[in-house]
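> no letters, just coordinates:
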């Protein structure tokens, strides 16, 4: 029973480490997604720079037109960056919710398993106690019947002795009389 409780305790001791490992894996996944978004944004910015440079060369007519084109390109790039960051933030938020739900489910499952193991141990101990009590009762009965049979044998021998003496006395009185 102590061995089973030790196993249960070791299982419970491993839960925080498993949770920490899951958090670390989630953190790595988030970092990977952010790196991917950063790469996409960098590529998008480069493409915008190339388009802006090509546009600036093609439309070098007036300085005002160039400024307007540059401002439009920067605004479009800024909007794209903001949209990508908003999408990344939403994805991280959803992952956090999912992780919390998974952790809660795991803790609940572990708790139910421990309760089931505790009930199983209690039932096993109760069954063993019943068997021990049954064996004690049988041993007491066996000891009692052994003593009773010895007493019965003594009574039989006593009666047999009395009968032999009575028969001997009867024979002696019959010959004498």
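Looks like it arrived, so ask away. Computed from a predicted structure; not experimentally measured.
> give me the helices and strands touching the helix or strand containing residue 86, please.
Per DSSP states H and E, residue 86 falls inside helix 63-176. Packing partners of helix 63-176 (3 or more Cβ pairs under 8 Å, 6 or more residues apart in numbering; DSSP states H and E): helix 2-58. (Each C-beta comes from the backbone N, C-alpha and C, glycine too.)
> quick one, the helix it packs on and helix 63-176 angle?
170 degrees (axes from the mean of the first three to the mean of the last three Cα atoms, to 10 degrees).
> who are the packing partners of helix 2-58?
By 3+ Cβ pairs under 8 Å, 6+ apart, helix 2-58 packs against helix 63-176.
> I'd like the mean pLDDT over the helix it packs on, please.
Mean pLDDT, helix 63-176: 81.
> what's the answer for stretch 40-58, then?
In the prediction, stretch 40-58 has an average pLDDT of 75.
> not counting sequence-adjacent ones, nearest residue to the most centrally placed residue in the chain?
For the chain, residue 110 is the residue whose C-alpha lies nearest the centre (Cα atoms, centre = their mean; 3.1 Å). Leaving out its chain neighbours, the residue that sits closest to residue 110 by Cβ to Cβ, 6 or more residues apart in numbering is residue 15, at 5.9 Å.
> tally of neighbours for the one you found?
14 (other Cβ atoms under 10 Å).
> which residues touch it?
For residue 15, the contact set (Cβ atoms under 8 Å, 6 or more residues apart in numbering) comprises 106, 107, 110.
> doesn't residue 8 make contact with the last one?
Read that as residue 110. No: assessed by Cβ atoms under 8 Å, residue 110 is found out of contact with residue 8, at 10.0 Å.
> what distance do you get for residue 52 to residue 76?
10 Å (Cβ to Cβ, to the nearest Å).
> oh, I was asking about residue 19
Distance from residue 19 to residue 76, by Cβ to Cβ: 43 Å.
> kindly report the same for residue 3.
According to Cβ to Cβ, residue 3 and residue 76 sit 68 Å apart.
> tell me which of the two has more neighbours.
residue 76 (14 against 7).
> without its sequence neighbours, what residue ends up closest to the more buried one?
Closest to residue 76 by Cβ to Cβ, 6+ apart is residue 48, at 7.0 Å.
> show me the contacts for the one you found.
Applying Cβ under 8 Å, 6+ apart, one finds that residue 48 lies in contact with 73, 76, 77.
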